[in-house]
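Engineer: A predicted structure for the sequence below; I have some questions about it.
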Amino acid sequence: MHKINPLELIEEIYKKHYVYLRNFLIGLTKNDEVADDIIQGGRKGESEHENRKSTCFFS
């Protein structure tokens, strides 16, 4: 029996549900930038470009 790497499983779920999650967060926040920051794990105090470049979960 082959065990699945937990990180690979998380990545698979993330990719499968990304659009749904983003649209749900846009509905809650009414702001696509805020939704993207939540998904990206945005950190306060960093520029938007630095934040997006350094905190992407899965490239």
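Structural biologist: Received, thanks.

Engineer: Where does pLDDT dip in the chain?
Structural biologist: The chain contains residues with pLDDT under 70 at 1, 42-59.

Engineer: Can you show me the helices along it?
Structural biologist: 6-29, 32-40, 48-54 (DSSP state H).

Engineer: Reformat those helices into JSON lines and put mean neighbour count next to each item.
Structural biologist: To be clear about C-beta, it is placed using only N, CA and C from the backbone, and glycine gets the same treatment. Listed next are the helices of the chain as JSON lines, based on neighbours: other CB atoms under 10 Å:
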{"stretch": "helix 6-29", "mean neighbour count": "12"}
{"stretch": "helix 32-40", "mean neighbour count": "15"}
{"stretch": "helix 48-54", "mean neighbour count": "12"}
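
Engineer: And I4, its phi and psi?
Structural biologist: With angles defined as degrees, to the nearest 10, I4 sits at phi -90, psi 130.

Engineer: ok, it to G27 distance?
Structural biologist: 31 Å (CB to CB, to the nearest Å).

Engineer: what do you get for E11?
Structural biologist: 24 Å.

Engineer: Likewise for I10?
Structural biologist: 23 Å.

Engineer: Hmm, D36 and L21 touching each other?
Structural biologist: No. Judged on CB atoms under 8 Å, L21 makes no contact with D36 at a distance of 10.8 Å.

Engineer: okay, and the common contacts of those two?
Structural biologist: Common neighbours of L21 and D36, using CB atoms under 8 Å, 6 or more residues apart in numbering, do not exist here.

Engineer: export stretch 9-27 as CSV, just CAs?
Structural biologist: This file holds the C-alpha atoms of stretch 9-27, laid out as CSV (Å, rounded to 0.1, in the frame of the first residue of the first chain):
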residue,chain,number,x,y,z
LEU,A,9,-2.7,15.8,-0.5
ILE,A,10,-3.2,19.3,0.8
GLU,A,11,-1.9,20.7,-2.5
GLU,A,12,-4.3,18.5,-4.4
ILE,A,13,-7.3,19.7,-2.3
TYR,A,14,-6.1,23.3,-2.6
LYS,A,15,-5.8,23.2,-6.4
LYS,A,16,-9.2,21.4,-6.7
HIS,A,17,-11.1,24.0,-4.6
TYR,A,18,-9.1,27.2,-5.2
VAL,A,19,-11.7,28.9,-7.4
TYR,A,20,-14.5,28.0,-5.0
LEU,A,21,-12.5,29.3,-2.0
ARG,A,22,-11.5,32.6,-3.8
ASN,A,23,-15.1,33.3,-4.9
PHE,A,24,-16.4,32.5,-1.4
LEU,A,25,-13.9,34.9,0.2
ILE,A,26,-14.7,37.6,-2.4
GLY,A,27,-18.4,37.2,-1.4
